[in-house]
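Novice: kindly return the folded structure for what I paste below:
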Amino acid sequence: MVTTKTTSTAIHFLPKWVWRMGIAYMLTALITYIFAFPIRYMQLLNNPALTPLMATIQLGIDYLLIIALTIIGFIVVFRRKDEWITLLMACALIAVPPNIGNGSHLAGQLHPILHIPAGIVTITTASLAFLLLISLPDGIAKPRKLLWFIPVLMIYDFSRYLLLIVFPPTNALTLRPLAIIPNFIIVGIALIAMIYRYRNVTSTTQRQQFKWLFWGLTIEISIVFINQIFRVISILMGGNIAITQLIISFSNTIGGILLCTSLVFAISRYGLWDIDLTINRSVVTGFVTISLLMLFGVVFWLVQSMLRGVLGSEQSEISVAISALVVGGAFNPVRQRIRTFVDRRLYGFRFDLNQLQRHQAKLNAGNIGSFTGQTMGGYQLLDVIGRGNMGEVYKGIGNNNKIVAIKIMQNHSSQDERTLHQRFEREGKIVLAHANIVQTLNAGEENGVFYIVMEYIHGVTLKELLMEREHLPLRDILGYLRDLAGAIDYAHAQGYVHRDIKPSNIMLRRDGTNQPRQIMLMDFGIAKFLGDTGTLTGSDAVGTIDYMAPEQIMNSTTVDYRADIYALGVVLYHVLAGVLPFKGTLAQVLFAHINQPAPDIRQIRPDIPLEVSIAIQRALQKDPNDRFQSATEFVQALTSGL
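Specialist: Okay, the predicted model is just below:
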């Protein structure tokens, strides 16, 4: 058996004979399910609580899980036939879930010879589950001393199968549930070992793999919990117990399929960096579902009690209708509160994902604004030249024909007005005398409208330039990059952190020949002064998520100049590669900034020098201490190999 390394995960490669033995085991399990089919059907038909139709539906639900897991198991084992962990997982998928209730042993009731395959599967079920749990996610059992449990477990299961199934005593049905308690205890030990491994000895990639499994377990546990609530509500409403059981069985089957699918994702390393978002949304959905089900049950019970007291009889239809109306009205408020709780309390974000979505929404703007033609600060406002979440920017002209740019504060809700005004006041007072920073000329208020007068730059934003050319060569922008780094370091030296460095806030001034001749950094609207004891961002989703440093997402009070280094790294990646390092929805990008390692830019642009790739990856480190300590240091590292 050979061991190699890929993406920080050790993988065991198998000889062909081991793979063939695994396939034979999977086929053996499948044979037992086929021969157990008529025995299981007769058991269901003999159940007085089930009609023949319900018995058939229940059997279909039972075998839906078997069919789904068999398909999944054979697909993964044939697609990745050299990996030990894949073979182990495929065997466990086919054998373990259907045999939690001893499904294979029923085949032995059809003919004694079938006790041989049924025994093989039943005796190895718990051992497979145990081995898989201590071997996740790379196929290496840790700690290895736990492997000694496997022969003990198999000897115990052999004895249990022989004494309770092949030669059963008269009270076998009573003893069987008690006899599997040791199996659950030993598998529980494996779960504890898995959690220990996740917390202490896993790489970043392996932790993401484990999260897929934890997500599947959480979904399965949530389904079980919701089923119990549904069962109670059904009893209170006087529903058909048999139908309720069918619904619960079907949902448990779906939960089992999702759990096993999450295991496949973990082993295959599929969608590793989307799992955090998947977990986030699942937690919110689960909390909302459970909360609304509980609300439905409480309202239903209260209405039933009131109607019984007033009318002297229960009115289930009226109670259901009123409960449904209450739940429908409560849906949005409950979802919003749970979303806020999950994002801010459980995940520690400064803002929830709904707030992020609203803040990052694109604005459709024409050239004519609502203030066009008016006079502000002695300048007549002309066309709109830019819009953002804080305000509109107009081109203005004075009596001496001087051209300026004027930012006008947008009207917001009353709770935002004071904070926005404070930001405008602070931005208007920022005076940074640097050749590559757009100058603030004046600020004030007229007729209740706040404005800032700034230097007008004739040119094009870096964002517009990227739309024209897709990406730019490093040699062409190196001089501009040095000037931009100097401007950023100057602002840092004055105590300001920009916090919104992005292509649309970087302009290239053009001369008479329409060629770029000077790079300019602008828009200090959400800049942080490191001497301030408070914050004007609070829990607002300020900044642009595509370029936002992890610490800026989590806690604005800890943000310092190194957040700008991170943003500059994202900008440079975008400029050189033509794409952002982290792509997807806003929520996917947010979680990628927090967890996902920065990709190697050479995967997109192989011509990029190694030194440039290393420098960008250092600038994009999650821990600010691991980044460059100045923008100039970053640029110098870029040029070391040129």
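
Novice: which residues touch the residue nearest the centre of the chain?
Specialist: By Cα atoms, centre = their mean, the chain has its centre lying nearest to Leu277, at 1.5 Å. By Cβ atoms under 8 Å, 6 or more residues apart in numbering, the contact list for Leu277 reads 585, 587-588, 590-591. The way it works is simple: take the backbone N, C-alpha and C, and place the C-beta from them, glycine included.

Novice: got it, and Ile219?
Specialist: If you count contacts by Cβ under 8 Å, 6+ apart, Ile219 has them with 255, 258-259, 262, 282, 286.

Novice: among those residues, name the ones in strands.
Specialist: Of the contacts of Ile219, none are assigned to strands by DSSP state E.

Novice: nearest to Ile233 among these?
Specialist: Nearest to Ile233 among those, counting by Cβ to Cβ, is Gly286 at 17.2 Å.

Novice: give the contact list for Met554.
Specialist: Shown in contact with Met554 (Cβ under 8 Å, 6+ apart): 348-350, 594.

Novice: what's the answer for Val326, then?
Specialist: Residues near Val326 by Cβ under 8 Å, 6+ apart: 295-296, 299.

Novice: mind checking how far it is from Ser305?
Specialist: 15 Å (Cβ to Cβ, to the nearest Å).

Novice: kindly report the same for Lys528.
Specialist: As judged by Cβ to Cβ, Lys528 and Ser305 stand 56 Å apart.

Novice: out of the contacts of Val326, which one sits closest to Leu620?
Specialist: Leu295 (44.4 Å).

Novice: following the helix or strand harbouring the closest one, which helix or strand shows up next?
Specialist: Assigned by DSSP states H and E, Leu295 belongs to helix 275-311. Proceeding N to C from helix 275-311, the next assigned helix or strand is helix 316-340, under DSSP H and E.

Novice: what angle separates that next one from helix 275-311?
Specialist: With axes from the mean of the first three to the mean of the last three Cα atoms, to 10 degrees as the basis, helix 316-340 and helix 275-311 are set at 150 degrees to each other.

Novice: which residues sit against stretch 74-85?
Specialist: Contact with stretch 74-85 is made by 1, 11-14, 18-19, 22-23, 26, 86-87, 89-90, 135-139, 264, 267-268, as judged by Cβ under 8 Å, 6+ apart.

Novice: mind listing what's buried in it?
Specialist: Across stretch 74-85, burial judged by 16 or more other Cβ atoms under 10 Å covers 74, 76-77, 80-81, 83-85.

Novice: try stretch 321-333
Specialist: For stretch 321-333, the neighbour count (16+ other Cβ under 10 Å) marks 322-323, 326-327, 330 as buried.

Novice: flag the shaky bits of the stretch 401-550 of the chain, pLDDT-wise.
Specialist: When residues are selected by pLDDT under 70, those of the stretch 401-550 of the chain lie in 411-420, 511-515, 531-543.

Novice: rerun that using 50 as the cut-off
Specialist: Applying pLDDT under 50 to the stretch 401-550 of the chain picks out residues 414-415, 538-539.

Novice: where along the stretch 401-550 of the chain do the helices fall?
Specialist: In the stretch 401-550 of the chain, helices defined by DSSP state H, counting those that start in this stretch lie at 414-429, 462-469, 474-493, 550-554, listed in chain order.

Novice: ok, the residue lying farthest from the centre of the chain to Arg350 distance?
Specialist: Using Cα atoms, centre = their mean, the residue of the chain lying farthest from its centre is Asn400. It sits 55.3 Å away. The spacing between Asn400 and Arg350, counted by Cβ to Cβ, is 44 Å.

Novice: which residues of the protein fall in strands?
Specialist: 2-6, 9-13, 375-376, 379-387, 391-397, 403-409, 440-446, 449-455, 459-461, 496-497, 506-510, 516-521, 528-529.

Novice: with mean neighbour count and distance to Asp489 as added columns, please give these in JSON lines.
Specialist: Shown next, in JSON lines, are those (neighbours: other Cβ atoms under 10 Å; distance: least, Cβ to Cβ, whole Å):
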{"stretch": "strand 2-6", "mean neighbour count": "10", "distance to Asp489": "39"}
{"stretch": "strand 9-13", "mean neighbour count": "18", "distance to Asp489": "40"}
{"stretch": "strand 375-376", "mean neighbour count": "18", "distance to Asp489": "33"}
{"stretch": "strand 379-387", "mean neighbour count": "18", "distance to Asp489": "26"}
{"stretch": "strand 391-397", "mean neighbour count": "21", "distance to Asp489": "26"}
{"stretch": "strand 403-409", "mean neighbour count": "21", "distance to Asp489": "24"}
{"stretch": "strand 440-446", "mean neighbour count": "16", "distance to Asp489": "19"}
{"stretch": "strand 449-455", "mean neighbour count": "21", "distance to Asp489": "20"}
{"stretch": "strand 459-461", "mean neighbour count": "18", "distance to Asp489": "22"}
{"stretch": "strand 496-497", "mean neighbour count": "22", "distance to Asp489": "11"}
{"stretch": "strand 506-510", "mean neighbour count": "19", "distance to Asp489": "15"}
{"stretch": "strand 516-521", "mean neighbour count": "19", "distance to Asp489": "11"}
{"stretch": "strand 528-529", "mean neighbour count": "18", "distance to Asp489": "16"}
